[in-house]
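Q: Got a sequence here, can you build the structure:
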Amino acid sequence: MPYLLRGALIEYGTGLIGPIPNIVIFQFNPESLTRSLRIPERPQGATARERTQAGEQTFESISLKAHFSAADMLNEDKVLARMFGVGPQLSALEKMVHPSSKIAGLIGAALDAIGDALGGAGGSEPPTQPIPREAFPKIMFIWGLTRVLPVTIDSMRITELEYDFILNPIRAEVDIELTVNAVDSCSDDVLAKGALEYTTIAKEAQALANLANTAEQIVELIPL
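A: The predicted model follows:
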């Protein structure tokens with residue numbers, strides 16, 4: 001049986017060293033994937049100049065439906081499946097759309113404490129209430145060998161289709177909408193920049209390879 005490469009969503013930090021990232025590997029690869037390219041409006045009118053000049057970047061969005069089922073795991077008598085069904089996979093997905101407030105809150109509290117210490121206690125400044133520091137997770141979408149993309153999850157619709165006797169979901173479908181991040185050159189997210197550059201190079205290589213497929217057709221189009 002040939003090896004099946006599975007797609008995945010990965011929640012990661014900016015560095016490679018740290019806790020194990022939150023990873024959801026698709027149990028069943030989506031049957032279809034819709035990609036939309038949003039092209040910025042170009043100059044209009046008869047007197048408009050530089051119609052081919054690049055301005056705003058083209059944004060890519062991705063839509064897919066992920067399927068989850070605990071049937072195989074229940075047949076293999078997996079403990080987690082018997083206890084929670086597909087709940088762990090769904091929870092891991094949900095975690096990707098909520099701010100990582102626990103760690104961010106601790107860091108924010110530490111920074112506020114340092115600021116208070118540097119500013120001195122009992123000064124003339126009125127007391128202030130610290131603003132909670134929260135950040136959304138950074139997400140990487142992996143689909144095959146040539147698509148490793150930093151993305152933002154725009155929406156997630158979870159449909160629970162079947163339950164066990166204690167109402168754990170044992171079958172579910174998740175509709176996911178993603179937008180590929182246009183990483184700024186000044187960003188410190190080296191993983192996102194590297195992934196986007198890798199995917200861009202892979203796409204350009206495939207576009208060049210397409211010339212070999214069309215070489216004979218091009219020759220036929222040129223009158224001799």
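Q: now the strands for the chain?
A: Defined through DSSP state E, the strands belonging to the chain, from first to last, are 8-12, 22-25, 33-38, 59-69, 138-142, 148-163, 169-180.
Q: Same list, those strands, but as CSV with mean neighbour count and distance to A192 please.
A: Every C-beta, even on glycine, is put in place using the N, C-alpha and C of the backbone. Compiled in CSV, the strands of the chain are given as follows (neighbours: other Cβ atoms under 10 Å; distance: least, Cβ to Cβ, whole Å):
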stretch, mean neighbour count, distance to A192
strand 8-12, 19, 9
strand 22-25, 16, 16
strand 33-38, 11, 19
strand 59-69, 18, 14
strand 138-142, 20, 7
strand 148-163, 16, 4
strand 169-180, 19, 10
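Q: Which one of the ones you listed lies nearest to A92?
A: Nearest to A92 among the strands of the chain is strand 22-25; the distance by Cβ to Cβ comes to 4.9 Å.
Q: What strands line up against that closest one, and which way round?
A: Sheet pairing for strand 22-25, assigned by DSSP bridges, gives strand 8-12 (antiparallel).
Q: Next, the buried residues of stretch 81-93.
A: A81, F84, G85, V86, G87, Q89, L90, L93 (16 or more other Cβ atoms under 10 Å).
Q: any idea which helix or strand of the protein has the worst average confidence?
A: Each helix and strand of the chain was given a mean pLDDT (mean pLDDT, DSSP states H and E); the minimum falls on helix 101-119 at a mean of 55.
Q: Where does pLDDT dip in the chain?
A: Applying pLDDT under 70 to the predicted model, the residue ranges of the chain that meet it are 1-2, 14-20, 43-55, 100-134, 216, 219-224.
Q: Any idea which of the strands of the chain gets closest to N210?
A: Taking Cβ to Cβ, strand 33-38 is the member of the strands of the chain nearest to N210, at 17.2 Å.
Q: who's in contact with that closest one?
A: Counting contacts by Cβ atoms under 8 Å, 6 or more residues apart in numbering, the residues outside strand 33-38 that touch it are T58, F59, E60, S61, I62, S63, L64, W143.
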